[in-house]
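> Sequence and predicted structure are below.
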Amino acid sequence: MSDSFVVALDGPAASGKGTLAELIARDYDFAYLDTGTLYRGVAYLVLKSGGDPADERAATKAAQSFSLDLIAGADIRTREIGAGASKVAAMPGVRKALLEFQRRFAHEPPGGKKGAVLDGRDIGTVVCPDANVKFFVIASPQTRAHRRFLELKDAKPGLTEADVFADLAERDARDAARSDAPMVQATDAELLDTTHLSIEAAFAAARRVIDGALRRRPS
Ligand code: DC
C-alpha cells in the first residue's frame, strides 16, 4: 500500500468538481488527474481514425493503447466528444483498460508528489475505494447547464442553453444507468452541493474535510 494521500471527487458534469479538484491539487501540492479526459481521449481517437465511438471493438482497442501523449493539444471538450465519451465509458473493456492507469496515478503520483486528486464518476467507489477523502459534488441541473453553456457558447455561436440542458440530461442518465461502475455517491463520501455556493465557499468546505483527515492520519 502506498502512502500517497488520495482525494476523490465524483459527480455529474459541470457540478464544479473539476474546478474544486484543481484548487485542492494546487493548494496541497498534489498531482491532479481529470479522469473524464481519458474517456474523452478514447472517443477522440476513435473519431479521428474515422470510427464510431459506439463501436465497442474500436473503443476498447483505443483504450488499451491509450496514453495522454496521444491527445496532447487536441480539443476534447466539444459536445461531439462529450457525447462519444459517455458512450465509450459504458463499455466494460474500456473501463478495465483505463483502471490501472488511474490507480497508478493515485498511488504513485507523478513528479514525486505526496498526494493525488482524481475527479470523475467512480473514483470513490471503484478506482480508489480506499481514498483518504471522498466528495460527491452536485448542483441543480439548471445551474450545471448554465455553467456549461457559458464555457461552450463562444466556440459554438448557435448553441442554446436548452441544447446544453438536454445534452447533460442524456449523459447523466447514461452515466448513472450503466451497469459497470455507474455514477453513484460512495457511502463514505461527503456530499457537496455547489448550487448556491461560490467556488471559494465550496473550496473552504472541502479544505475543512481534508485538513481533518490529514490531522487524523497516523504519521
Ligand atoms: O467529466 P467529463 O464530462 O469530462 O466526462 C466525460 C464522460 O466520461 C462522461 O460521460 C462520464 C465519463 N466518465 C466516467 O464514466 N468515469 C470517470 N471516472 C470519468 C468520466
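Done, it's in. From a predicted model like this one, the values you see are computed outputs, not experimental measurements. Numbering: from 1, shown residues only.
> What distance do you get for Val7 to Val94?
For Val7, the distance to Val94 equals 24 Å [Cβ to Cβ, to the nearest Å]. Every C-beta, even on glycine, is put in place using the N, C-alpha and C of the backbone.
> for Val137, helix, strand, or coil?
strand (DSSP: H, G, I helix; E, B strand; the rest coil).
> Surely it touches Ala8?
No - if you go by Cβ atoms under 8 Å, Val137 and Ala8 don't touch, sitting 10.6 Å apart.
> who has more neighbours, the two?
Ala8 (29 against 25; other Cβ atoms under 10 Å).
> I'd like the next helix or strand past whichever strand or helix holds the more buried one.
Using DSSP states H and E, the element containing Ala8 is strand 5-10. The helix or strand immediately downstream of strand 5-10 is helix 17-28, counting by DSSP H and E.
> Just the pLDDT at the residue nearest in space to the middle of the chain, thanks.
Centroid-nearest residue in the chain, with Cα atoms, centre = their mean: Gly120, separated by 2.4 Å. Reported pLDDT at Gly120 in the predicted model: 96.
> Looks like it contacts Gly36 (just checking).
Yes - at 6.1 Å, Gly120 counts as touching Gly36 under the criterion of Cβ under 8 Å.
> What residues does the chain have near the ligand?
Residues of the chain found near the ligand (Cβ under 6 Å from any ligand atom) are 13, 35-36, 39-40, 82, 85-86, 89, 120-123, 171, 175.
> Buried subset of the residues you listed as a PyMOL selection?
Buried residues among the residues of the chain next to the ligand (16 or more other Cβ atoms under 10 Å), as a PyMOL selection:
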select buried, resi 13+35+36+39+40+82+85+86+89+120+121+122+123+171+175
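> Doesn't Leu192 belong to a strand?
Yes - applying three-state DSSP, one finds Leu192 inside a strand.
> so Tyr44 sits right up against Ile81, yeah?
Yes - look at Tyr44 against Ile81 with Cβ under 8 Å: they come within range, at 5.4 Å.
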